[in-house]
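Student: Quick one, fold the following:
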Amino acid sequence: MYNPNGFAIKDVDELHQQILGTRLAMVITHGAQGLQASHLPLLFRPDEGPNGTLYGHFARANPQWKELQDGAEALVIFAGADAYVSPGFYPSKAEHGKVVPTWNYVAVHAHGTAEVFTDADRLLGLVSSLTDRHEAGRAQPWKVADAPADYIDGMLKAIVGFALPIQRLEGKRKLSQNRSTADIAGVREGLAASPDVHDQALAHLMR
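Tutor: Numbering: from 1, shown residues only. Here you go, the predicted model:
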């Protein structure tokens, strides 16, 4: 991604937190079928490898897993909060009028090549961990073991898992750092006052 130094996330823990906080990632590959993208929930193991390892699965009917099997590099995007920034938020607009709209956002990109697997026990461990993560906090969490074993066996045959050690990791926090202190405060206050929850989430990051 285009990532000027003033916007780049350098702190590894912050990069990891953005990955962990993104419920649905975008996995992009380029191979014989051209560009392909899938939206997938992923598990992140930060202690596996120098940059951590991502785990997920495709529907077997989705041909994208074959690109990974053939060694295609994957780009995985973890998109965070984002918001449109109106020139009307800037106090400097009244001073000189030399302002234009922009967009503030947070995003992390992970690059790597993956290992594809179809072993039933390994797939079961993966889907169980994914389920436990997203069921956590419910009054009565559903577990994979709640479904009939033969049904789960059949479902596992319909998916293909992958493990993707992250070889390159980069992140961007574009939160009006290139503006004056007054303009930053104006953006933060303008977004916080918006009825849009996405605007409010971005304003929270600017505190």
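Student: List the contacts of the helix or strand encompassing His109.
Tutor: Taking DSSP states H and E as the criterion, His109 maps to strand 102-112. By C-beta atoms under 8 Å, 6 or more residues apart in numbering, the surrounding residues in contact with strand 102-112 are 1, 9, 15, 18-19, 22, 51, 54, 73-85, 164-176, 187, 191, 202, 205-206. For glycine as for every other residue, the C-beta is placed from the backbone atoms N, C-alpha and C.
Student: what ranges do the strands span in this protein?
Tutor: In the chain, strands defined by DSSP state E lie at 8-9, 25-31, 34-40, 43-45, 53-59, 74-85, 102-112, 115-117, 159-165, 168-174, listed in chain order.
Student: What strands line up against the fourth one, and which way round?
Tutor: Put plainly, it is strand 43-45. The strands beside strand 43-45 in its sheet (DSSP bridges) come out as strand 53-59 (antiparallel).
Student: can you check the second one too?
Tutor: Here strand 25-31 has these sheet partners by DSSP bridges: strand 34-40 (antiparallel), strand 74-85 (antiparallel).
Student: State the mean pLDDT of the first one.
Tutor: Strand 34-40 carries an average pLDDT of 96.
Student: got it, and stretch 117-137?
Tutor: If you average the pLDDT over stretch 117-137, you get 97.
Student: By neighbour count, which bits of that stretch are buried? Give me those.
Tutor: Buried residues in stretch 117-137, counted by 16 or more other C-beta atoms under 10 Å: 117, 123-124, 126-127, 130-131.
Student: Tabulate the strands paired with strand 25-31 (JSON lines), appending mean neighbour count and distance to Ala136.
Tutor: Shown next, in JSON lines, are the strands paired with strand 25-31 (neighbours: other C-beta atoms under 10 Å; distance: least, C-beta to C-beta, whole Å):
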{"stretch": "strand 34-40", "mean neighbour count": "13", "distance to Ala136": "19"}
{"stretch": "strand 74-85", "mean neighbour count": "20", "distance to Ala136": "19"}
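Student: pLDDT below threshold where in the protein?
Tutor: Residues of the chain meeting the criterion pLDDT under 70: none.
Student: could you point out the longest helix in it?
Tutor: Ranked by residue count under DSSP state H, the longest helix found in the chain is helix 120-135.
Student: Can you check what angle separates that helix from strand 34-40?
Tutor: 60 degrees (axes from the mean of the first three to the mean of the last three C-alpha atoms, to 10 degrees).
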